[in-house]
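A.B. asks: fold the following, please.
(2 chains)
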Amino acid sequence: MSGALPFIVRRLLAAIPVLLVVSAATFFLGRYAPGDPVTVRTGGKATPEQVERIRKNLGLDDPIPVQYVRYMAKFLRGDLGESYRRQGRKVSEIIFPKMWVSLRLNIVPFVLTYLIGVPLGIYAALKRGRWQDPTINAVLLFLAAVPTVVWMPLLVYVFVLRLKIIPTVGWNGFLSPSIILPIVVLTIGSFAGVTRVVRISMIQVMGEDFIRTARAKGLPESVVVTRHILRNSLLVLINGIIGSLFFLYTGSLFVELGFGIPGIGRETFEAISGRDYDLFMALTMIGAISFILANLALDIIYTIIDPRIRYS
Amino acid sequence: MAGELALEAQQQAERQRTRGLSPTRLLWRALWRRKIARVALMYIAFFYAVGILAPLLAPYSYKAQNLDNVRAKPSWEHPFGTDRLGRDQLSRVIYAARTTVVITVITTVTGSLLIGPALGLVAGYRGGWVDSVINRVGEAVSSVPDLLIIILLAATIGPRLNNKVAEWYDLPVVGPLLKEGYASIFVVYVVLSVTSWVGGMRLIRALTLSVRNTDYVLAARAAGATTARILWRHILPNISYIIILGVAASFGVVALSEIGLSFLGLGVRPPTPSFGTMILENFRARDLDKYPHLFFIPAFFAVALLLSFNLLGDALNDVLNPRTRYQ
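C.D. replies: Numbers count the residues shown, from 1 in each chain, chains lettered A, B, ... in the order given. Got it, this is the predicted structure:
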């Protein structure tokens, strides 16, 4: 473990240029976009003098690199700025409640993804060469081929309009029937990937020499599976988590828009199309930072759990 | 054990039969032997043929409105019915296939066939700072979900590009095409290309690294071959089948992204049909209840295409990684 700390520090430092590239790209793209934030802010009703004054107050007349540095300085102090569309409201005031909604929306699909995906992957691998394995694979391929934007109307049609089992869609809190379809849509899309990763990893480990040795020395099959195969093959799940997070982020943007859920994905989309500079900068930056940190954390966990990897 | 011996004998026979065939040929043969892969390939071929021949196949214009006959049920005159503006839905589905065909082909050719492999070759062969810059940018692109980048680009440079393209309307040949709605297809293409090169770049870089120090490359260098010649004549031919695989894999991804982007209203602009906009237009519960066919028919053709790409990718994987095969 002696090498762990310098390794973590090195990885953290390596994340800085990536963050700079992401933040600069976001900032310059945002400023390059057509449409004027002042017009958005005033609804186009201000006189030219007023517009001039607002531009000056917001610092929009300075060169863009200067604006970028000023923005980053504020960002690092935790000041995310103000929304342009909803006057006078702080960005942090807007986004944290939305994040909370998205978190509650995504937590169940995230847990379900692994709760279904891992056992199913193990089962498929153990049933390899029989009918169960290809059948599971075929079903998963089909589920994964249907995009989120098709799942939503499809399920609404069946469960809301025809069978009338679920009354409405939309956001009525965490514990309401209307959260069922969003959860189903998000889970369907992401557990297939986990199942495949687990299956392939299991099969690869099952072919290793040390498994043959374990069987040869007369260990019961249950011990071989749980102690030797599972332990070695479930390591890949740590890498798989980042993929599921990407998937849930993407999926929940569509689900929030499609089902009218006031979460972070919908807010991101609306901020970008509404040219709400500070709002979407904050959303993109927070998103990028979370993903970079998640990647980093998983890397570190992986290195600590797997003794074969050295810190270099 | 007997099974393993039999397997070995089988592999021996396989090697005998396939001696002298290129990896690409072998891949095709192995694929064609699988029934599911064959069905998938046939549907893909059908879809692309329909897309390419759209002007010949479509019974009506995709934008001819008939406000007296909106949201009609399927009939002999309009086999898929008509949409909310009375446009023939069959013709719109055919032209939506064309949109998918154009976008998948040009994006994949650029991202997975040109930019990705080119950067991968250069990064892997040159190494040093070139390698780190390319990798850093790739890392930045892949550190956030593609969709976030795609939305950001589509919303910011999208409108500018659209305006720019409008200036080219008077050009010969290209002008009328752009006027027909291909301007927004061009925007989608640019946006998707930004994210589609990273995977290919990494794969080709790793492969290039692995062949860079093989004897034949060293021999070529000793004989005085230039870097470009070594890359083009010695390294590229040895890894070309991997590039083909990357191309095949990215078709499905690009098709899916286009549908998502158009669904968000950031992709292909009306009146040019796209599966994404067709799904969006018939998405609301009220419309779905009364006119389900307007949603289900286009959705069926789009899903069948995505499923075919998935099945094909799965079959390719199966052929290349026999260890995880399903038999």
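
A.B. asks: for the rest of this, base every contact and every neighbour count on C-alpha atoms.
C.D. replies: Noted.

A.B. asks: quick one: name the residues of the stretch 101-250 of chain B near chain A.
C.D. replies: Counting by Cα under 8 Å from any Cα of the partner chain, the stretch 101-250 of chain B comes close to chain A at B:136-137, B:139-141, B:143-145, B:147-148, B:151-153, B:155-157, B:159-160.

A.B. asks: give me the buried subset of those residues.
C.D. replies: Listed as buried from these are B:136-137, B:139-141, B:143-145, B:147-148, B:151-153, B:155-157, B:159-160; burial here means 16 or more other Cα atoms under 10 Å in any protein chain shown.

A.B. asks: so which of the residues you listed are in helices?
C.D. replies: Those of those mapping onto helices are B:136-137, B:139-141, B:143, B:147-148, B:151-153, B:155-157, B:159-160, per DSSP state H.

A.B. asks: is stretch A:64-83 anywhere near chain B?
C.D. replies: No - Stretch A:64-83 lies out of reach of chain B by Cα under 8 Å from any Cα, never closer than 15.5 Å.

A.B. asks: output that stretch as PDB, nothing but the C-alphas.
C.D. replies: Output of stretch A:64-83 as PDB, limited to C-alpha atoms (Å, rounded to 0.1, in the frame of the first residue of the first chain):
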ATOM      1  CA  ILE A  64     -13.700  36.200 -24.200                       C
ATOM      2  CA  PRO A  65     -10.500  34.800 -22.600                       C
ATOM      3  CA  VAL A  66     -10.700  37.400 -19.900                       C
ATOM      4  CA  GLN A  67     -14.300  36.400 -19.300                       C
ATOM      5  CA  TYR A  68     -13.200  32.700 -19.100                       C
ATOM      6  CA  VAL A  69     -10.500  33.400 -16.500                       C
ATOM      7  CA  ARG A  70     -13.000  35.500 -14.500                       C
ATOM      8  CA  TYR A  71     -15.600  32.800 -14.700                       C
ATOM      9  CA  MET A  72     -13.100  30.100 -13.600                       C
ATOM     10  CA  ALA A  73     -11.900  32.200 -10.600                       C
ATOM     11  CA  LYS A  74     -15.500  32.600  -9.500                       C
ATOM     12  CA  PHE A  75     -16.300  28.900 -10.100                       C
ATOM     13  CA  LEU A  76     -13.300  27.800  -8.000                       C
ATOM     14  CA  ARG A  77     -14.600  29.900  -5.100                       C
ATOM     15  CA  GLY A  78     -18.000  28.100  -5.400                       C
ATOM     16  CA  ASP A  79     -19.800  31.000  -7.100                       C
ATOM     17  CA  LEU A  80     -21.700  29.500 -10.000                       C
ATOM     18  CA  GLY A  81     -23.300  32.800 -11.100                       C
ATOM     19  CA  GLU A  82     -26.900  33.700 -11.900                       C
ATOM     20  CA  SER A  83     -29.400  32.300 -14.300                       C
END
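
A.B. asks: what does that stretch rub up against?
C.D. replies: By Cα atoms under 8 Å, 6 or more residues apart in numbering or on different chains, the residues outside stretch A:64-83 that reach it are A:24, A:27-28, A:31, A:59-60, A:88-92, A:276-279, A:282.

A.B. asks: can you select the buried ones from the residues you listed in ChimeraX?
C.D. replies: Entered in ChimeraX, the line below selects the buried ones among the contacts of stretch A:64-83, by 16+ other Cα under 10 Å:
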select /A:24,27,31,60,90,91,92,276,277,278,279,282
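
A.B. asks: which two in the contacts of stretch A:64-83 are spaced the farthest apart?
C.D. replies: Within the contacts of stretch A:64-83, A:Ala24 and A:Gly88 form the most distant pair, 25.3 Å apart (Cα to Cα).

A.B. asks: ok, A:Leu58 - how many residues close by?
C.D. replies: 12 (other Cα atoms under 10 Å in any protein chain shown).

A.B. asks: and it, its phi and psi?
C.D. replies: phi -80, psi -10 (degrees, to the nearest 10).

A.B. asks: any idea of the mean pLDDT in the helix or strand A:Ile54 falls within?
C.D. replies: Following DSSP states H and E, one finds A:Ile54 within helix A:48-58. Mean per-residue pLDDT for helix A:48-58: 77.

A.B. asks: now B:Leu312: closest residue in space that isn't a chain neighbour?
C.D. replies: Leaving aside its sequence neighbours, B:Leu312 sits nearest to B:Ala37 (Cα to Cα, 6 or more residues apart in numbering or on different chains; 5.3 Å).

A.B. asks: helix, strand or coil for the one you found?
C.D. replies: Using DSSP: H, G, I helix; E, B strand; the rest coil, the structure places B:Ala37 in helix.

A.B. asks: any idea how far it is from chain A?
C.D. replies: Distance of B:Ala37 to chain A, computed by Cα to the nearest Cα, to the nearest Å: 12 Å.

A.B. asks: same deal with B:Asn317?
C.D. replies: Distance from B:Asn317 to chain A, by Cα to the nearest Cα: 11 Å.

A.B. asks: per-residue pLDDT, that residue?
C.D. replies: The model reports B:Asn317 with a pLDDT of 76.

A.B. asks: please apply the same query to the one 4 residues further on.
C.D. replies: B:Asn321 is assigned a pLDDT of 65 by the prediction.

A.B. asks: picking up where we left off before, next, the contact list for the residue nearest to B:Leu312, please.
C.D. replies: B:Ala37 is in contact with B:31, B:311-312, B:315, counting by Cα under 8 Å, 6+ apart.

A.B. asks: one more time with 10 Å
C.D. replies: The contact partners of B:Ala37, taken as Cα atoms under 10 Å, 6 or more residues apart in numbering or on different chains, are B:30-31, B:43, B:308-316.

A.B. asks: farthest pair in those residues?
C.D. replies: B:Ala30 and B:Tyr43 (18.3 Å).

A.B. asks: ok, the closest residue to chain B within chain A - contacts?
C.D. replies: Nearest to chain B in chain A, going by Cα to the nearest Cα, is A:Ala33, at a distance of 4.2 Å. By Cα under 10 Å, 6+ apart, A:Ala33 lies in contact with A:272-273, A:275, A:277, B:152-160.

A.B. asks: pull the helix or strand with minimum mean pLDDT from chain A.
C.D. replies: helix A:37-42 (a mean of 68; mean pLDDT, DSSP states H and E).

A.B. asks: does A:Ile301 touch A:Ile238 like I think?
C.D. replies: Yes - here A:Ile301 reaches A:Ile238: they are 7.9 Å apart, a contact under Cα atoms under 10 Å.
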